[in-house]
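Engineer: Quick one, structure for this:
(one chain, ligands or ions: 1)
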Amino acid sequence: MATINDEIARRRTFAIISHPDAGKTTLTEKLLLYGGAIHIAGAVKSNKIKKTATSDWMEIEKQRGISVATSVMGFNYGDYKINILDTPGHQDFAEDTYRTLTAVDSVIIVVDVAKGVEQQTRKLMEVCRMRNTPVIIFVNKLDREGRDPFDILDELEAELHIGVRPLSWPINIGAKFKGVYNIYEHSLDLFTPDKQKVSERVEIDDINDPRIDKAVGEADAAKLREDLELIEGVYPEFDVQSYLDARIAPVFFGSALNTFGVKELLDCFVKIAPAPKPVDAVERRVEPDETGFSGFVFKIHANMDPNHRSCIAFVKICSGKFERNASYKQVRTGKSLKFSAPTAFMAQKKSIVDEAWPGDIVGIPDTGNFKIGDTLTSGEEIHFKGLPSFSPEMFKYIENSDPMKSKQLEKGIQQLMDEGVAQLFVNQFNGRKIIGTVGQLQFEVIQYRLEHEYGAQCRWEPLSLYKACWIESDDDEALANFKRRKHQFMAVDRDGHDVFLADSGYVLQMARTDFPSIRFHFTSEF
Ligand code: G4P
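Structural biologist: Below you'll find the model as predicted:
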């Protein structure tokens, strides 16, 4: 019988992240294809469309052709159990993506070979860096004209602030793209454009094998040998530990659409990517193989049916074995809860599970009991850290447009904030509620959902702010003095923490100069 340690060792829980359009969805789909979780390419996207069509409020995203939903895809690959956490592509839902990154043990970043590092890639990498998440980079769309692979490597290093080490190498790109040499396994894959089939491998002994010349031609074989020599000269030998320590990102090249270079990536990934790691709680470090169960809610998925205000809370299991119908403690409320219908996400199907292990994600049907960040345990009083709020980019006052429905509005705002749709700040000076978001789209989603799910009407009033800053100081007097001086701009977040609403970069700069003992943070976790 498999022990908890066997179950942990075979799990790989990760997210694929990218700037929109780099090929995240396509790569996800190809990984599922290899895992036998789907049988034809195109299934993920068509599924996406189906899901959208069944829900009313998601009409919003359908119209814009983006995916709001974050879901989990589990499948077996060889001896490994793989859990891919999908993240919304649209940048207005970046906060959702950040939270999902707290539930993964590693990340694959997809970069378009023609576009290189884009804005969203940079931002997501910052979040990975905050948490020391190991990163593998997949440079995609090699079948199209793009940049020189060496230039891309330089750019990755400079822009993402991480060392890189190529583990596969392309033979030409664009129309002349012939294949990739697998540096990690010393093998060669030739490219035949095909969206459905997996590619074949050419057996070679080493880089000097004449079969390479035969397969790709002498000139390209010579160029490949030259490139590899340069790589060996410039980049240090690949060291798994430096990847696990998040100092070096292995880089693979390929074409997700053509299923090319994907197997190299996947085979190396399962070998080197970390199994579930210990997780820090406020009280102590929790090891995955402890017998006591623990986990946290990193995502609450709004209901698909506006008539039933039910949600799914996604719980990442950190330690122990999760069992259906066992009693678990919701640490925030002290309540004991039993889950009769926890679901897991295997091969694109959602089904009820009896047990789950560290690294797995279970979906728990919920009617408003859970908040983002909630810890569940077998009984111990621990609180997992690390679901930071980031300063929103846009702010608006939310006002009630229907005085008869103020209770509904209150409740709606509360629940949507618990779900993590946006952030609520209450101005301490005038008591007005401020909603902070990453993008305009979230305001529309909130307004729509308040109306359709809670029967409440709201309107937005403009508010021009630069940043929300969480403040702290060792000097209580200075802090009190600051709050007095800036009382019009002081607010509290949903946890009651003090937040300074800076209306311009200049004001923030002045505040920093005038109050050197106060530390200003752009995230709630410092
Ligand atoms: P995303 O999730 O990161 O936003 O990207 P997605 O996979 O949806 O891919 C964005 C576009 O890039 C898609 O084209 C997709 O087919 C294309 N693409 C992905 N990988 C490759 C590749 O290796 N080579 C080439 N040439 N194209 C690639 P689309 O026209 O926007 O969508 P579709 O109609 O093809 O589905």
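
Engineer: Just list the residues touching the residue in the stretch 101-250 of the chain positioned nearest to the ligand, thanks.
Structural biologist: For the stretch 101-250 of the chain, the residue closest to the ligand is Lys141, as judged by Cβ to the nearest ligand atom, at 3.9 Å. From N, CA and C alone the C-beta is placed, and that goes for glycine too. Neighbouring residues of Lys141 by Cβ atoms under 8 Å, 6 or more residues apart in numbering: 22-23, 112-114, 255-257.

Engineer: contact partners of the top helix by length along the chain?
Structural biologist: The longest helix of the chain (DSSP state H) is helix 218-234. When contacts are defined by Cβ under 8 Å, 6+ apart, helix 218-234 is touched by residues 149-150, 166, 169, 171-172, 178, 181, 183, 207-208, 212-213, 215-216.

Engineer: now do stretch 117-133
Structural biologist: In contact with stretch 117-133 (Cβ under 8 Å, 6+ apart) are residues 17-20, 22, 91, 94, 97-98, 101-102, 104-107, 109, 111-112, 135, 155-156, 159-162, 245-246, 386, 388.

Engineer: Could you list the buried residues of it?
Structural biologist: 117-118, 120-121, 123-125, 127-128, 133 (16 or more other Cβ atoms under 10 Å).

Engineer: dump the residue contacts of Leu501.
Structural biologist: Each residue near Leu501 by Cβ under 8 Å, 6+ apart is listed here: 395, 425, 427, 434, 465, 467-469, 489-491.

Engineer: What is the least confident helix or strand in this structure?
Structural biologist: Lowest by mean pLDDT, DSSP states H and E among the helices and strands of the chain is helix 43-54, with a mean of 42.

Engineer: any idea how far the ligand is from Pro274?
Structural biologist: 24 Å (Cβ to the nearest ligand atom, to the nearest Å).

Engineer: Could you verify that that residue is part of a strand?
Structural biologist: No - assessed with DSSP: H, G, I helix; E, B strand; the rest coil, Pro274 is coil; it does not lie in a strand.

Engineer: where's it relative to Pro462, distance?
Structural biologist: Counting by Cβ to Cβ, to the nearest Å, the separation of Pro274 from Pro462 is 45 Å.

Engineer: Give me the more crowded residue out of the two.
Structural biologist: Between Pro274 and Pro462, counting by other Cβ atoms under 10 Å, Pro274 is the more crowded of the two (18 against 7).

Engineer: so where do the helices sit in the stretch 201-350 of the chain?
Structural biologist: Counting by DSSP state H, counting those that start in this stretch, the stretch 201-350 of the chain has helices at residues 210-216, 218-234, 240-244, 262-272.

Engineer: Can you give the distance from the shortest one to the centre of its chain?
Structural biologist: For helix 240-244, the gap between its own C-alpha mean and the chain's C-alpha mean amounts to 20 Å (Cα atoms, centre = their mean, to the nearest Å).

Engineer: model confidence over it, on average?
Structural biologist: Here helix 240-244 scores 97 as its mean pLDDT.

Engineer: And it, what does it pack against?
Structural biologist: Helices and strands touching helix 240-244, by 3 or more Cβ pairs under 8 Å, 6 or more residues apart in numbering; DSSP states H and E, are strand 248-253, helix 262-272.

Engineer: how about 10 Å then?
Structural biologist: The elements that helix 240-244 packs onto, with contact taken as 3 or more Cβ pairs under 10 Å, 6 or more residues apart in numbering; DSSP states H and E, are strand 163-166, strand 248-253, helix 262-272.

Engineer: Buried residues in that helix, which are they?
Structural biologist: 242-244.

Engineer: again, but for stretch 329-343
Structural biologist: For stretch 329-343, by 16+ other Cβ under 10 Å, it's 329-331, 339, 342-343.

Engineer: if we take these, which one ends up nearest to the ligand?
Structural biologist: Among the buried residues of stretch 329-343, Thr343 lies closest to the ligand (Cβ to the nearest ligand atom), at 24.3 Å.

Engineer: And what about the residue lying closest to the closest one once chain neighbours are set aside, helix, strand or coil?
Structural biologist: The shortest distance from Thr343 to any non-neighbouring residue, by Cβ to Cβ, 6 or more residues apart in numbering, is to Gly363 (4.3 Å). Classification of Gly363 by three-state DSSP places it in strand.

Engineer: cool, and the one 5 residues further on?
Structural biologist: Three-state secondary structure (criterion: three-state DSSP) places Gly368 in coil.

Engineer: Contact partners for the nearest residue to it once chain neighbours are set aside?
Structural biologist: Among residues not flanking Gly368 along the chain, Gln415 sits closest, at 5.8 Å (Cβ to Cβ, 6+ apart). Neighbour list for Gln415: 300, 302, 309, 311, 368, 371, 421, 449-450, 453-454 [criterion: Cβ atoms under 10 Å, 6 or more residues apart in numbering].

Engineer: which element is Gln415 on?
Structural biologist: Using DSSP states H and E, Gln415 sits within helix 406-419.

Engineer: Around the ligand, which positions in this protein sit nearby?
Structural biologist: Residues of the chain lying close to the ligand by Cβ under 6 Å from any ligand atom are 18, 20-26, 45, 89, 140-141, 143-144, 255-258.

Engineer: any weak-confidence spans in the protein?
Structural biologist: Filtered on pLDDT under 70, the chain yields the residue ranges 37-70, 89-93, 193-200, 302-310, 346-349, 386-388, 525-526.

Engineer: need the contact list for the closest residue to Asp143 other than its chain neighbours.
Structural biologist: Nearest non-adjacent residue to Asp143, counting by Cβ to Cβ, 6+ apart: Ser255, 4.4 Å away. Counting by Cβ under 10 Å, 6+ apart, Ser255 touches 23, 26-27, 30, 113, 139-144, 170, 173, 177, 180, 191, 193, 195, 199, 261-262.

Engineer: ok, 8 Å please
Structural biologist: For Ser255, the contact set (Cβ under 8 Å, 6+ apart) comprises 140-143, 177, 191, 261.

Engineer: of these, buried ones?
Structural biologist: Buried by 16+ other Cβ under 10 Å: 140-143, 177, 191, 261, out of the contacts of Ser255.

Engineer: With secondary structure added, can I get these in a markdown table?
Structural biologist: Putting those into a markdown table (three-state DSSP) gives the following:
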| residue | secondary structure |
| --- | --- |
| Asn140 | strand |
| Lys141 | coil |
| Leu142 | coil |
| Asp143 | coil |
| Phe177 | coil |
| Phe191 | coil |
| Gly261 | coil |
